[in-house]
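K.L.:
For reference, the sequence and a predicted model appear below.
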Amino acid sequence: MVLILSVFSFGLGACIASFLNVVIWRVPRGESIVSPPSHCPKCGAPIRWWQNVPIVSWLALRGKCARCRAPISPRYVLVETLGGCLFLAVLRMVAAALPQSPDVSMLLSHAVFAFVMWTWVSLMIVGSFIDYDHKLLPDFVTVGGMVLGVAHGAFQSAVFHSVFHVLYSVAGLAFGFGLLWLVRFLGSKAFRREAMGMGDVFLMGAVGALFGPVAVLATLVLSSVVGSVVGVAMILLSKTRLGSFAEIPYGPYICLGCLAWMFYGPELVSMYIGLFK
Ligand SMILES: [Zn+2]
């Protein structure tokens, strides 16, 4: 049963991510995500369904178009593998949080939580890659994440007859949005230029709406640590000027920080406390 569910979530994640690849490519270019059907950008050959099986097809075709042998970016298979792994990680996280003998409302609450988390990791994949390519975060990712978080809080409040969940969600949204807005405001004053986009502020609002105020602080710290390490490495490797440091979009780091908090939150907290012992 566990094995079937695991294979199912990995497969589902890879299939969804295969669609996310289309979204990542087409949405910023203002193209429709349904038509025309997938085709080779070089020779225009339509991609048949058996050539569109996530991960497997790319490996079987050795990363080349079946007709003209034009190379297909390994990023497609990377995004599909990432989708599969994150969907599986969500399933494991939700299963681990399930009590020994759950009642109906507990099962319902966890099933909805899994669905919300699958949606959220999908939004983060799309947001990260679009931000990396185009330095913009689409509203359906950031505002969508905020709506998803508050709706999820309201649902859990209804299931458990407690106003706590929805209030925690709204408080998280306000805290995440407010904190990043302040960072952005102070950053613009210090650097006399736009230090980060409003998209990042909205994205942190979504993190707060989904996971609450504590997760906002953790995500801010984690994303800054990862961002600094990568930033310093890039400056050292490519001798980039410090001035272009701010050009690296912040969105993917927020997502990385959020993922670390989602899957390793308790471990990270005890590690942090351990630093002062
Ligand atoms: Zn081709």
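P.N.:
Looks like it arrived, so ask away.

K.L.:
For the residue in the stretch 101-250 of the chain that the ion sits nearest to, which residues are in contact?
P.N.:
As assessed by Cβ to the ion, the ion sits closest to Asp133 within the stretch 101-250 of the chain, at 21.9 Å. Where C-beta positions appear, they are placed from N, C-alpha and C, glycine not excepted. Taking Cβ atoms under 8 Å, 6 or more residues apart in numbering, we find Asp133 in contact with 24, 28.

K.L.:
any idea of the mean pLDDT for the host helix or strand of it?
P.N.:
Using DSSP states H and E, Asp133 sits within helix 104-134. Per-region confidence: helix 104-134 scores 95 on mean pLDDT.

K.L.:
what comes up buried for that helix?
P.N.:
109-110, 112-114, 116-131 (16 or more other Cβ atoms under 10 Å).

K.L.:
how far away is the most centrally placed residue in the chain from Cys255?
P.N.:
For the chain, the residue nearest the mean C-alpha position is Met124 (2.0 Å; Cα atoms, centre = their mean). Remark: distance between Met124 and Cys255 (Cβ to Cβ, to the nearest Å) = 4 Å.

K.L.:
Same question for Phe10.
P.N.:
For Phe10, the distance to Cys255 - Cβ to Cβ - is 20 Å.

K.L.:
between these two, who's got more neighbours?
P.N.:
Using other Cβ atoms under 10 Å, the more surrounded residue of Phe10 and Cys255 is Cys255, with 25 against 21.

K.L.:
contacting residues for that one?
P.N.:
Here Cys255 is in contact with 124, 127-128, 203 (Cβ under 8 Å, 6+ apart).

K.L.:
Would you verify that it is located in a helix?
P.N.:
Yes. Assignment of Cys255 by DSSP: H, G, I helix; E, B strand; the rest coil places it within a helix.

K.L.:
my guess is Val27 contacts Leu136, does it?
P.N.:
No. Val27 is beyond contact range of Leu136, at 10.3 Å (criterion: Cβ atoms under 8 Å).

K.L.:
Overlap in contacts, these two.
P.N.:
Taking Cβ under 8 Å, 6+ apart as the criterion, Val27 and Leu136 both touch Ile130.

K.L.:
any idea how far Leu107 lies from Tyr132?
P.N.:
From Leu107 to Tyr132 the distance is 38 Å (Cβ to Cβ).

K.L.:
and the contacts of Cys255 as CSV, adding distance to the ion?
P.N.:
Formatted as CSV, the contacts of Cys255 follow (distance: Cβ to the ion, whole Å):
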residue, distance to the ion
Met124, 31
Gly127, 29
Ser128, 28
Leu203, 36
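
K.L.:
What is the most widely separated pair among these?
P.N.:
Ser128 and Leu203 (9.9 Å; Cβ to Cβ).

K.L.:
residues from this protein in reach of the ion?
P.N.:
With Cβ under 5 Å from the ion as the criterion, the chain meets the ion at residues 40, 42-43, 45, 65, 67-68, 70.

K.L.:
Out of these, which end up buried?
P.N.:
So, of these, 40, 65 end up buried under the neighbour-count rule (16+ other Cβ under 10 Å).

K.L.:
now, which of the residues of the chain next to the ion sits nearest Ser57?
P.N.:
Out of the residues of the chain next to the ion, the member with the shortest distance to Ser57 (by Cβ to Cβ) is Cys65, at 11.2 Å.

K.L.:
what are the phi and psi values for the closest one?
P.N.:
Per-residue torsions, Cys65: phi -60, psi 140 (degrees, to the nearest 10).

K.L.:
Quick one: residues contacting the closest residue to it other than its chain neighbours.
P.N.:
Spatial nearest neighbour of Cys65, chain neighbours left out: Cys40 (4.4 Å); criterion: Cβ to Cβ, 6 or more residues apart in numbering. Taking Cβ under 8 Å, 6+ apart, we find Cys40 in contact with 47, 65, 67-68, 70.
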